[in-house]
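Peer 1: Okay, predicted coordinates and the sequence, questions at the end:
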Amino acid sequence: MLENIKQWAQLQEKELNPKSLIATACRYMLKRWDKFTYYATNPRILIDNNLLENRFRGVALGRKNWLFAGNHQSAERSGIMYSILESCALNDIEPFAYVQDALQRLPNLLFATNEKIDELLPSNWKPTAVKIYSATGIRESTNVA
């Protein structure tokens, strides 16, 4: 179906007046075709971001209160933290346990491959097993509270 859309857009771009709105829209889409169709090759990516936009509605409502984050870097860091916390919520992960575990693992991943680092994404994250020492012996448990 996507290939049919691409062929149609290519045809419209050639046959229509280059200044027409449809030709302009087709040109725009075709220039970004790989990014436009990436969701079709990766099942974790949705075609729209409505789910995330709804999750961040509280952030948007408080935007005036947070207008002055101190500086640009502080605002970026806040955005990163909101993204992490909301990703944890979407994946039913306790945020403190996730952040604590991820921060402990990150130094060991300094030269790791992207696949290894991707294991820390909230959607892929599995808590680290922790050895618990007691009088009855050693047993493993996850570090989730």
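Peer 2: Structure's in. What do you need?

Peer 1: Am I right that residue 123 is in a helix?
Peer 2: No. Read with DSSP: H, G, I helix; E, B strand; the rest coil, residue 123 is coil and lies in no helix.

Peer 1: Kindly indicate whether residue 17 is helix, strand or coil.
Peer 2: Quick answer, by three-state DSSP: residue 17 is coil.

Peer 1: Could you pull up the residues touching the closest residue to it other than its chain neighbours?
Peer 2: Counting by CB to CB, 6 or more residues apart in numbering, residue 17 lies nearest to residue 23, which is 6.4 Å off, once chain neighbours are set aside. Heads up, the C-betas are built off the backbone N, CA and C, glycines and all. Contacts for residue 23 (CB atoms under 8 Å, 6 or more residues apart in numbering) come out as 12-13, 16-17.

Peer 1: Look up how far residue 16 lies from residue 23.
Peer 2: Distance, residue 23 to residue 16, by CB to CB, to the nearest Å: 4 Å.

Peer 1: Tell me if the residue nearest to residue 17 really is in a helix.
Peer 2: Yes. Counting by three-state DSSP, residue 23 is located in a helix.

Peer 1: neighbours of the closest residue to residue 47 other than its chain neighbours, just the number please.
Peer 2: Nearest residue to residue 47, sequence neighbours excluded (CB to CB, 6+ apart): residue 39, at 5.1 Å. Using other CB atoms under 10 Å, residue 39 has 14 neighbouring residues.

Peer 1: so what pLDDT did residue 39 get?
Peer 2: Here the pLDDT value assigned to residue 39 is 83.

Peer 1: mind listing the helices for this structure?
Peer 2: 2-15, 21-31, 33-37, 50-55, 57-61, 72-90, 95-105, 114-118 (DSSP state H).

Peer 1: hey, least reliable of those by pLDDT?
Peer 2: Among these, helix 57-61 carries the lowest mean pLDDT, a mean of 68.

Peer 1: Tell me how many other residues crowd residue 107.
Peer 2: Residues near residue 107, counting by other CB under 10 Å: 7.

Peer 1: got it, and residue 13?
Peer 2: Residue 13: 19 neighbours (other CB under 10 Å).

Peer 1: give me every residue that touches it.
Peer 2: Contacts of residue 13 by CB under 8 Å, 6+ apart are 23, 26-27, 30.
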